[in-house]
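Visitor: 3D, please:
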Amino acid sequence: MTVDCIIEDTRWEGIALLATRASDAALAHLGYDPAEFEISLLACDDARIAALNADFRGKPAATNVLSWPSDERGADVDGDPPVAPELPMDAELGDIAIAFDTCTREAQEAGKSMVDHTLHLLVHGTLHLLGYDHERDKDATVMERLEVAILGKLGVSDPYKEN
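Guide: Predicted coordinates for the structure are as follows:
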């Protein structure tokens, strides 16, 4: 996996390694060769992600992670798998932005390590780039189960389980 990191917020120490671990794990779990794909990652702060959220989603507030797939791969039927990327034309999966302030606050509130929470959000963002979503009920169940399985392989406990 090639993750091209743009680090705007220097508090994101080690983000390139975490992004590679998360995206490689997600791709490998789905049967893809991570070496064949590229993702761009913007590691930023809340102000930057709030501006992006306003520009692209009409929501002028900070969020933890945003994703922009390079192609629409979502399933037509709720719960069906998304359309698989075709190589070589779909090698560039898209872009992810992640906000330090929100991620830090969420990790602290949930009693989780910043590393574990960041891995979760990066797996989540990678799955979005691959066409997975959580807007419809069955799609959300599929995506959540994938996240839990992938994170388990990374040694991260189920982020959806109550402590």
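Visitor: contacts, neighbours, all on C-alpha from now
Guide: Fine.
Visitor: Just the mean pLDDT for stretch 105-123, thanks.
Guide: Per-residue pLDDT values over stretch 105-123 give a mean of 97.
Visitor: Name the residues that touch it?
Guide: When contacts are defined by C-alpha atoms under 8 Å, 6 or more residues apart in numbering, stretch 105-123 is touched by residues 18-19, 21-23, 25-26, 64-65, 103-104, 147, 150-151, 156, 159.
Visitor: now swap in stretch 83-93 and tell me
Guide: Outside of stretch 83-93, the residues within contact range by C-alpha under 8 Å, 6+ apart are 36-39, 69-71, 73-75, 129-131.
Visitor: Out of those residues, which end up buried?
Guide: When these are checked for burial by 16 or more other C-alpha atoms under 10 Å, the buried set is Phe37, Glu38, Ile39, Pro69, Ser70, Arg73, Gly74, Ala75, Leu129, Leu130, Gly131.
Visitor: ok, back up a step: reformat the contacts of stretch 83-93 as TSV; add pLDDT and secondary structure.
Guide: Conversion of these to TSV gives the following (pLDDT from 0 to 100; DSSP: H, G, I helix; E, B strand; the rest coil):
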residue	pLDDT	secondary structure
Glu36	96	helix
Phe37	97	coil
Glu38	97	strand
Ile39	98	strand
Pro69	97	strand
Ser70	96	coil
Asp71	94	coil
Arg73	95	coil
Gly74	94	coil
Ala75	93	coil
Leu129	98	helix
Leu130	97	coil
Gly131	97	coil
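Visitor: possible to save those residues as CSV with distance to Thr2?
Guide: As requested, the contacts of stretch 83-93 are exported to CSV (distance: C-alpha to C-alpha, whole Å):
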residue, distance to Thr2
Glu36, 8
Phe37, 6
Glu38, 5
Ile39, 6
Pro69, 16
Ser70, 15
Asp71, 18
Arg73, 20
Gly74, 23
Ala75, 26
Leu129, 14
Leu130, 15
Gly131, 19
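Visitor: how about low-confidence regions in the protein?
Guide: When residues are selected by pLDDT under 70, those of the chain lie in 1, 163.
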